[in-house]
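In: got a sequence here, can you build the structure:
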Amino acid sequence: LHRFDAASVGAGANPHLPPVYRRGDGALLGVTPLGGTATSGAWYQLRDAQTNEYQADVFAEAGGLGLRTGLVVDSQGLAYVGSTPFLGAPGMFRWAAAGVPSSALTSALPDGSEGAFKPRGLFVVDANDNVYFGGGSGRAGNGLFRLDAAGALTWLVDFQLPEYVQGEGNNTVFLKGQYPVALAVDDDAGMLYGINVRHQSAGAGDPSAVPEGDETAGTLFSVDLSQAVGAGATPVTVLRTFAKNAEGEIIGTDSGQQALVRDGEWLYGTTTLIVWRYHLGDENSFTVLHRFGEGEGEDGETPWGPLVRAEDGHVYGTTRRTSADGAGALYRIRLGAAEDRADDAYELLHLFDVESDGAFPNGLSAGPVNDGIQTLYGATNAGGAPGDTVSSSSATGNGTVYALDVVPPVAANMDIQAQPTTLTEGESTTLTWSVSGADQCVGEGEWGGNKALQGSETLTPDVAGEFTYTLTCVDGDSETVSASSTVTVNVSGS
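Out: Numbers count the residues shown, from 1 in each chain. Predicted coordinates:
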């Protein structure tokens, strides 16, 4: 959709995360840490992805070399983004349609939260347009915040409360994790879930929860929002501690970005090494779905950026590199139909080409469904122009914005009818059926064999009794679906 050109001041360059879609005006909204002035980033929008109308400008208010958080859009079409710059003060910004980003805060920071107010990672917005985000840096302060629609900020969790910390200085271990870098909300249950990093510390999580000789590398946690209070005192529950060597790390800085997405009672997420799954309410359900780079052939490597649960019912994500030092990969977790999700499966969908696609993809965001097709949006951090190259450690070029079309499955519609449904021995019934949204149909039992998507057959049962004729097909999601019709045959003369 767009190839960044750093030659123009304020045009944007080298995005850290993908843009988001605003339904009201159909605009894609994004930010870049570079491509503003010499030390500042830029904001950009694509008004119409079909005509590639591009608008961008310097985002000086966000400071220098910041703008590495994700964006979210609330129900009113207001976008939110944060910045923790190397040069300048941290900030949260609100972006209205037909406007430019401006400060989202309407009051001073909560007392004592100054060290933690350094927005990081991927935000989430709830049904009441509250925006939740993490913030922090090393041992200087780590917290979870809520920004309401009026611009009031609440410091929900202080991850440096004395009871959450062991040791001091370089030996400090944060038992609940440090700052959140990806969040998911369940509005119906009033629950918030997140993953916390380990950053410049001796550990993040419960040391007793990882294998002997391994290190704690972040946590999966939950917050009951009905217990939310200010001053960092909201209770937090650790659901899982990640083991650095066995499972990988949770990162949310300029050197990486892990993700979390919810599908009903299931959470899916990434570390630096794996894609994983967790069933809420079952502490023993943590499952490694795929370990990148360990199979035969080229695979994705280093998961980076937001995951999307698309309208086709599956989870999509990207990796920054490939196992052959390539420009990155697009993958899918195909969600299974089994009750325990044991049939979830990893699929490698695309390997990025540095010149035509861009290099170092950094996640995806959900777009609209039009004419039965959903569009997902992504960005790459580099590449995207003829002559761009990728090496084992870097890539040239300024990056791209791209789109991916996903076809949601069409619900199978099956109809099978017998006429008449009550017979006497020696009489016949006619089965009539029609199928849409599925194929590979077969009849079962005495009516066995391959069947067309529509048709009719006349059958004459040879004995009295009850006969059920079942048609089984395969739908667009590769699941079996069936429909039946029952006929009753009475004894002659009864």
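In: can you tell me the SS state at A231?
Out: coil (DSSP: H, G, I helix; E, B strand; the rest coil).
In: quick one: Y179 from G121, how far?
Out: Distance of Y179 to G121, given as C-beta to C-beta, to the nearest Å: 8 Å. Every residue, glycine included, has its C-beta placed from N, CA and C.
In: give me the common contacts of those two.
Out: G134, G252 (C-beta atoms under 8 Å, 6 or more residues apart in numbering).
In: the protein: helices as residue ranges?
Out: Taking DSSP state H to define them, one finds helices in the chain at 244-247.
In: shaky segments in it?
Out: Residues of the chain meeting the criterion pLDDT under 70: 48-52, 494.
In: go again with 80.
Out: 6-8, 47-52, 409-410, 445-446, 476-478, 493-494 (pLDDT under 80).
In: nearest the geometric middle of it, what residue?
Out: With distances taken as C-alpha atoms, centre = their mean, L307 lies nearest the centre of the chain, 2.3 Å away.
In: any idea how far that one is from G141?
Out: Using C-beta to C-beta, L307 is found at 28 Å from G141.
In: the closest residue to W447 other than its chain neighbours: neighbouring residues, count only.
Out: Nearest non-adjacent residue to W447, counting by C-beta to C-beta, 6 or more residues apart in numbering: Y469, 4.8 Å away. Summarising burial for Y469: neighbours were counted as other C-beta atoms under 10 Å, giving 22.
In: repeat for the one 10 residues further on
Out: Taking other C-beta under 10 Å as the neighbour definition, E479 ends up with a count of 13.
In: OK, contacts around it?
Out: Taking C-beta under 8 Å, 6+ apart as the criterion, E479 is in contact with A337.
In: do you know how far the residue nearest to P303 when sequence neighbours are not counted is from Q178?
Out: Distances taken as C-beta to C-beta, 6+ apart place T270 nearest to P303, at 3.9 Å, with adjacent residues excluded. Noted for T270: a distance of 17 Å to Q178, by C-beta to C-beta.
In: likewise for G213?
Out: 22 Å.
In: of the two, which one has the most company?
Out: Higher neighbour count among G213 and Q178: Q178, with 33 against 8, using other C-beta under 10 Å.
In: so that one sits right up against G143, yeah?
Out: No - if you go by C-beta atoms under 8 Å, Q178 and G143 don't touch, sitting 9.4 Å apart.
In: about what we covered before: I'd say the residue nearest to P303 and Y316 touch.
Out: No - here T270 does not reach Y316: they are 12.0 Å apart, not a contact under C-beta under 8 Å.
In: list residues touching both of those two?
Out: Listed contacts common to T270 and Y316 are L307; contacts here mean C-beta under 8 Å, 6+ apart.
In: of these two, who's got more company?
Out: Set side by side, T270 and Y316 show unequal neighbour counts under other C-beta under 10 Å, the larger going to T270 at 32 against 24.
In: quick revisit: give me the common contacts of Q178 and G143.
Out: Shared contacts of Q178 and G143 (C-beta under 8 Å, 6+ apart): G136, F159.
In: could I get the full set of strands for the stretch 101-250 of the chain?
Out: Secondary structure of the stretch 101-250 of the chain (DSSP state E, counting those that start in this stretch): strands located at 102-103, 119-125, 131-136, 142-147, 153-158, 165-166, 173-174, 180-186, 191-196, 203-204, 216-224, 237-243.
In: for the fifth one, name the packing helices and strands.
Out: Using 3 or more C-beta pairs under 8 Å, 6 or more residues apart in numbering; DSSP states H and E as the contact criterion, the elements in contact with strand 153-158 are strand 142-147.
In: same question for the last one.
Out: Contacts defined by 3+ C-beta pairs under 8 Å, 6+ apart place strand 237-243 against strand 216-224.
In: give the pairing partners of the strand it packs on; include direction for each.
Out: Using DSSP bridges, the strands paired with strand 216-224 in its sheet are strand 191-196 (antiparallel), strand 237-243 (antiparallel).
In: and the angle from the shortest one to strand 153-158?
Out: It stands for strand 191-196. Orientation of strand 191-196 against strand 153-158 (axes from the mean of the first three to the mean of the last three C-alpha atoms, to 10 degrees) gives an angle of 70 degrees.
In: do the longest one as well
Out: Using the same axes, to 10 degrees, the interaxial angle of strand 237-243 with respect to strand 153-158 works out to 60 degrees.
In: so for strand 237-243, what gets flagged as buried?
Out: Neighbour counts over strand 237-243 (16 or more other C-beta atoms under 10 Å) mark V238, L239, R240, T241, F242, A243 as buried.
In: excluding sequence neighbours, find me the nearest residue to the second one.
Out: Think L239. Nearest residue to L239 in three dimensions, chain neighbours excluded: L220, at 4.6 Å (C-beta to C-beta, 6+ apart).
In: picking that back up, OK, contacts around the residue nearest to P303?
Out: Shown in contact with T270 (C-beta under 8 Å, 6+ apart): Q258, A259, W276, P303, L307, G317.
In: cheers, nothing more for now.
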